[in-house]
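Q: coords below, sequence missing:
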Ligand SMILES: [Fe+2]
C-alpha cells in the first residue's frame, strides 16, 4: 500500500494547487504512480487563523473538488501541516488538526536555528498526551540549523518524514540517507504543491532509497498503516 503523508493538492487553500483542474491533475499523477492513499495537509498557521476557520475552509475546498474526483484516484484523508509556534503547547484544539481518525499531527518546524526553547516546546507538545507528532520534511531544516540540533529534536518522542523530491539531488540525498541511517526517518511524503514545480511522488523516493535500504519501503508502509489506524508504532520511536 503506497501512502503519501504530506501534500497540498486541495484547491486554493494554501500555496499548493491553484485550481480544481490542477488538483485533478495532481491526483491523476498520484494515480499513475500507484499511490493508494494521500493525506491532504494544507498549511495551518495558528497566529493567522482559528482552527475552526481552517477546517471550514478545508471542507469547502474538498467539497468543490469532490464532483471532479475519479474512481481511480487515491483515497483521501485529511490533516494539516501545522507550523510550530510556542502557543501550540497549550492550543486546545490541536487534536482537531491531526489526520482524521488519528492523533497524528504533521508539525512543520520554523526555518531558523532550532533553539532549546523551540525543542523544549516540541517536547511539551509530545508530552500533552493528546497528539503524536510526525515532523515534516526533516531534511529541510539542515539549511537553517546544524545536524546536532536536528538530532536533538529527533530524539524526542516523535517521528520524521522526508520529501521524495529531496532524494533527487546529490546534496539533499546525502543528508536524507544520513537521517535514514540514524533512524530518524519513518515516512515519505511528496509535499506536492503544483504541477511543474518538480515535485515527485513517493514511489520514486522509495525506489531511490531502496537502492541502499531495500527494506525501507516495507518499514514505512508498516508505520503508515499503523498511523492511519492510530495503532501504537511499537519500537520505532
Ligand atoms: Fe508541505
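A: Good, I have the coordinates. Note that the structure is a prediction, hence the values are computed from the model and not measured. Numbering: from 1, shown residues only.
Q: Confirm for me that residue 95 is in contact with residue 132.
A: No: in this structure, residue 95 is not within contact of residue 132 by CB atoms under 8 Å, at 10.2 Å. Heads up, the C-betas are built off the backbone N, CA and C, glycines and all.
Q: Look at those two and report which has more neighbours.
A: residue 132 (22 against 14; other CB atoms under 10 Å).
Q: Tell me who's in contact with the more buried one.
A: 102-105, 126, 158 (CB atoms under 8 Å, 6 or more residues apart in numbering).
Q: List the contacts of the closest residue in space to residue 127 that isn't next to it in sequence.
A: Of all residues not flanking residue 127 in the chain, residue 157 sits nearest, at 7.9 Å (CB to CB, 6 or more residues apart in numbering). Neighbouring residues of residue 157 by CB under 8 Å, 6+ apart: 123, 126-127, 133, 237.
Q: ok so, going back, which one of the contacts of residue 132 has the most neighbours?
A: Counting by other CB under 10 Å, top hit in the contacts of residue 132: residue 105 with 27 neighbours.
Q: Show me which residues of this protein sit near the ion.
A: Proximity of the chain to the ion, by CB under 5 Å from the ion, involves residues 81, 191.
Q: for the chain, which spans come out with low pLDDT?
A: Scanning the chain for pLDDT under 70 picks out 235-237.
Q: quick one, helices of it?
A: Remark: helices assigned in the chain by DSSP state H are 20-32, 51-65, 116-127, 147-154, 170-181, 202-212, 216-228.
Q: for the fifth one, the distance to its chain's centre please.
A: Here the centre of helix 170-181 is set off from its chain's centre by 18 Å, with CA atoms, centre = their mean, to the nearest Å.
Q: what do you get for the shortest one?
A: Centroid separation between helix 147-154 and its chain, computed with CA atoms, centre = their mean, is 18 Å.
Q: before we move on, the earlier item: of the contacts of residue 132, just say which sits nearest to residue 80.
A: Using CB to CB, residue 105 comes nearest to residue 80 of these, at 7.8 Å.
Q: ok, residue 82 - how many residues close by?
A: Using other CB under 10 Å as the criterion, the residues surrounding residue 82 number 26.
Q: no wait, residue 38
A: Based on other CB under 10 Å, the number of other residues close to residue 38 is 27.
Q: So which of the contacts of residue 157 wins on neighbours?
A: Neighbour max across the contacts of residue 157 (other CB under 10 Å) = residue 133, 23 neighbours.
Q: Against the ion, how distant is the closest residue to it other than its chain neighbours?
A: Nearest non-adjacent residue to residue 133, counting by CB to CB, 6+ apart: residue 158, 4.0 Å away. Distance from residue 158 to the ion, counting by CB to the ion, to the nearest Å: 17 Å.
Q: now swap in residue 52 and tell me
A: Applying CB to the ion to residue 52 and the ion gives a distance of 22 Å.
Q: I'd like to know how many residues surround the closest residue to that residue other than its chain neighbours.
A: Leaving aside its sequence neighbours, residue 52 sits nearest to residue 93 (CB to CB, 6+ apart; 7.3 Å). Using other CB under 10 Å, residue 93 is surrounded by 12 other residues.
Q: likewise the one 4 residues further on?
A: The criterion is other CB under 10 Å. On that basis, residue 97 has 24 neighbouring residues.
Q: Between all of the contacts of residue 132, which two are at the greatest distance?
A: When those are compared pair by pair using CB to CB, the maximum separation belongs to 102 and 126, at 15.1 Å.
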